[in-house]
Structures are given as C-alpha cells and as structure tokens.
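A.B. asks: After the sequence you'll find the predicted model.
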Amino acid sequence: MRLLISAASGLIGSAVAAGLAADQHEIVRLVRRSPGPGGGGEAGGREIRWDPGSGMLDPSAVEGFDAVVHLSGAPIIGRWTAAKKVAIRASRVDTTALLAGVLAKLARPPATLLVASAIGFYGDRGDESLTEESAPGTGWMAELCRAWEAAAEPAARRAIRVAHLRTGLVLAPTGGALAPMLLPFRLGLGGPVSSGRQYWSWVAIDDVVGAVRHLLAATDVRGPVNVTAPYPVTSREFARTLGSVLRRPAVLPVPAFALRLAFGESADAALLTGSRVLPAKLQASGFSFRYPHLEPALRHVLERHKGTNG
C-alpha cells in the first residue's frame, strides 16, 4: 500500500512508520519543515510539507494514497495554561479538520483514514468496564477527544473509512509515560499514585503497531477503536508489577498534591483519575495481542530499553 503518515517522528508514529515500512508498504511522511530530497509530493517522494497553523496542505500532493494514518498531537502532560490548552487542541482538532477536509475533496481519496484519539474520551469512570459503545465522560480531556473525533467527519461523509484509535497508556522503550517512572522505581522510591485504586488502561507499543497493521487490513472496522490491552490494572497493581520486574520495592505512594504541584490540571486527567477500557472491537475483529498481560509487556519493553541505552 501507499501510505501517508503524520507525526512519523513521534513516539507512536516512529514505531508505526518503521513497522509498516518493514511490511514493504511505501511510506510518505507529512512534515512541517521543508521536505528532504525527493519530497514535496513528487513521484517517489518520501516527505510532503504541510502547515496546519496556516491551513496549508496541497491537495495535489496527497492524491492517490491507499490509506492515511494521522497521529499528530502535542504532549498532554504538563501544566495546562490557557496557551498550552490551545496548543494541545490545535495539534489534534485543527490538524484533523485540515487533513480530513482536504482528503474529502480529492478526486481519488484514500480508502482509509486512521486517526489518533485517546481513552480520555471516557473521563474518570472508576472500575466501570468501558467499550466503544460506552458514553463519553466529562471534563476538558473528554470534550477535547469528542471534538478531535468529530473533526474527521468530512472524510467519513466522503465514504472514507475512518477509525479513531482511542489509545491508552503506551509502554515504550523510550519516552512515553513509563520513562519518568524508571528512575524513582530503580532507586526504590516508586509506588502507587495516590490511592492506587484508579485503573490505568495500558498498551505495549508493539501492540499499537500491530493494531494499526490490523486496522489497515480490517476494512469492515470503522468508528472508535480502543487500542488498549485486554487486562487493565490499577495504579497499585501497576506499581507492584513494575517493582517486581525491576526487583525493587514499590510501596511508597506518590501523593496527589505532589503531582498537582508538578503537573497541575493534567495530573488529574492523566494520573489521578482512571478508566477501565477494554478493546472490544479489536478482539471481535480477530486481533491478537502479543502482550495482553502487564508483566510480560514490561519485561519486553524494559529489555528493549536496556538495548537502546547500551
């Protein structure tokens, strides 16, 4: 397939682009800088420039792709100032609206558009089991996710198959949510966050790549798709498992006030609240997780982390 990918240098995008290239697909990246040699939408090009801030995307450059994988999104963790919220929203909603609008007007639109989303859609739901059929939650993050997914509607109206990847806490060898946990846990200072009762719906980066591969081929799957492992865990269980894998104690709780001091409002959205999200559509469509359980996933990811750090 000829595939167009945005945010191909990010945590998820780089892994997805590498995995799809290994499958012998032709990968073309949407970039915000000047394209490298052979880029700019030329035949055989590998990069196409766009500028979502100014609404610039040349329709002729994105004509004729089989599928588009849109993974753009500024990091959520960090103090949510008014400016930060605007940037987070623009990186998700505005980029999706621009891309979907351009694709919808093409003479030869792609058959498929996979768009990043997040389990923040569900909000803080305690131990309620959540599937793609569950109602949206409340709060700024849930509202953002609803607007993010709605921004792709022009593509869906053009009969492009749109799937929204509601991704959970991604475990990766470098970056992501796991990286900042490693030092305190290795020093024996790790533990559950606050009460430890909130559910963390996680997924190994390998299964994110696998889910994208699967959804490109599963032409009957559309709409929201939860990209989370089938066995979410509480923050307490996550800490205990990570401590066990690292052979360190994991009993010191991280107080909520400390996280709020460090991260502000984003601490509640990302760490102090939780949702028990299940990958109902993925499993019903025949997807098989390589790492359905947390401990093997952490062992695999940390072994790769060791390799990337020499």
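C.D. replies: Perfect, thanks for sending it. Numbers count the residues shown, from 1 in each chain.
A.B. asks: CA atoms for contacts and neighbours, from now on please.
C.D. replies: Noted.
A.B. asks: Below-threshold pLDDT in this structure: ranges please.
C.D. replies: Scanning the chain for pLDDT under 70 picks out the ranges 36-45, 305-310.
A.B. asks: Check it for its longest helix and report it.
C.D. replies: In the chain, with assignment by DSSP state H, the single longest helix is helix 294-308.
A.B. asks: what's next to that helix, contact-wise?
C.D. replies: For helix 294-308, the surrounding residues in contact (Cα atoms under 8 Å, 6 or more residues apart in numbering) are 171-174, 204, 231, 238, 241-242, 245, 291.
A.B. asks: 10 Å instead, please
C.D. replies: For helix 294-308, contacts defined as Cα atoms under 10 Å, 6 or more residues apart in numbering pick out 171-175, 178-179, 182, 202-207, 229-233, 237-238, 240-242, 244-246, 290-291, 310.
A.B. asks: what are the ranges of the helices in this structure?
C.D. replies: Going by DSSP H, the chain shows helices at 11-22, 82-89, 95-104, 140-150, 153-157, 179-186, 205-217, 235-246, 256-263, 265-267, 280-284, 294-308.
A.B. asks: Report the angle between the third one and helix 140-150.
C.D. replies: With axes from the mean of the first three to the mean of the last three Cα atoms, to 10 degrees as the basis, helix 95-104 and helix 140-150 are set at 10 degrees to each other.
A.B. asks: For helix 95-104, name the packing helices and strands.
C.D. replies: Counting contacts by 3 or more Cα pairs under 10 Å, 6 or more residues apart in numbering; DSSP states H and E, helix 95-104 packs against strand 67-70, strand 112-118, helix 140-150, helix 153-157.
A.B. asks: what would these look like in TSV with distance to residue 31 and mean neighbour count?
C.D. replies: Below are the helices and strands packed on helix 95-104 laid out as TSV (distance: least, Cα to Cα, whole Å; neighbours: other Cα atoms under 10 Å):
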stretch	distance to residue 31	mean neighbour count
strand 67-70	12	24
strand 112-118	16	25
helix 140-150	20	20
helix 153-157	21	19
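A.B. asks: Could you point out which of the ones you listed sits nearest residue 186?
C.D. replies: Residue 186 lies closest, by Cα to Cα, to one member of those: strand 112-118, at 29.0 Å.
A.B. asks: chain center to that closest one, what's the gap?
C.D. replies: Centroid separation between strand 112-118 and its chain, computed with Cα atoms, centre = their mean, to the nearest Å, is 9 Å.
A.B. asks: mind listing what that strand pairs with, with the direction of each?
C.D. replies: strand 67-70 (parallel), strand 161-167 (parallel) (DSSP bridges).
A.B. asks: Could I get the contacting residues of residue 239?
C.D. replies: For residue 239, the contact set (Cα under 10 Å, 6+ apart) comprises 181, 185, 190-193, 196, 233, 245, 249-253.
A.B. asks: These in strands, which ones?
C.D. replies: Mapping the contacts of residue 239 onto strands (DSSP state E) picks out residue 233.
A.B. asks: Is it possible to mark the buried ones in the contacts of residue 239?
C.D. replies: Using 16 or more other Cα atoms under 10 Å as the burial test, these include 185, 190-193, 196, 233, 249-251, 253 as buried.
A.B. asks: how many neighbours does the closest residue to residue 125 other than its chain neighbours have?
C.D. replies: Leaving aside its sequence neighbours, residue 125 sits nearest to residue 275 (Cα to Cα, 6 or more residues apart in numbering; 5.1 Å). Neighbour count for residue 275, taken as other Cα atoms under 10 Å: 26.
A.B. asks: same deal with residue 261?
C.D. replies: Using other Cα under 10 Å, residue 261 is surrounded by 11 other residues.
A.B. asks: which residues sit in contact with it?
C.D. replies: Each residue near residue 261 by Cα under 10 Å, 6+ apart is listed here: 79, 267.
A.B. asks: Tell me how far it lies from residue 61.
C.D. replies: Here the criterion is Cα to Cα, to the nearest Å. By it, residue 261 lies 46 Å from residue 61.
A.B. asks: same check, this time on residue 34
C.D. replies: From residue 34 to residue 61 the distance is 14 Å (Cα to Cα).
A.B. asks: which residues are common contacts for those two?
C.D. replies: By Cα under 10 Å, 6+ apart, the residues touching both residue 34 and residue 61 are 40, 47-50.
A.B. asks: Now distance to residue 14 and neighbour count too, for these, in a markdown table please.
C.D. replies: As requested, the shared contacts of residue 34 and residue 61 are arranged in a markdown table below (distance: Cα to Cα, whole Å; neighbours: other Cα atoms under 10 Å):
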| residue | distance to residue 14 | neighbour count |
| --- | --- | --- |
| 40 | 20 | 23 |
| 47 | 14 | 26 |
| 48 | 16 | 26 |
| 49 | 17 | 20 |
| 50 | 18 | 23 |
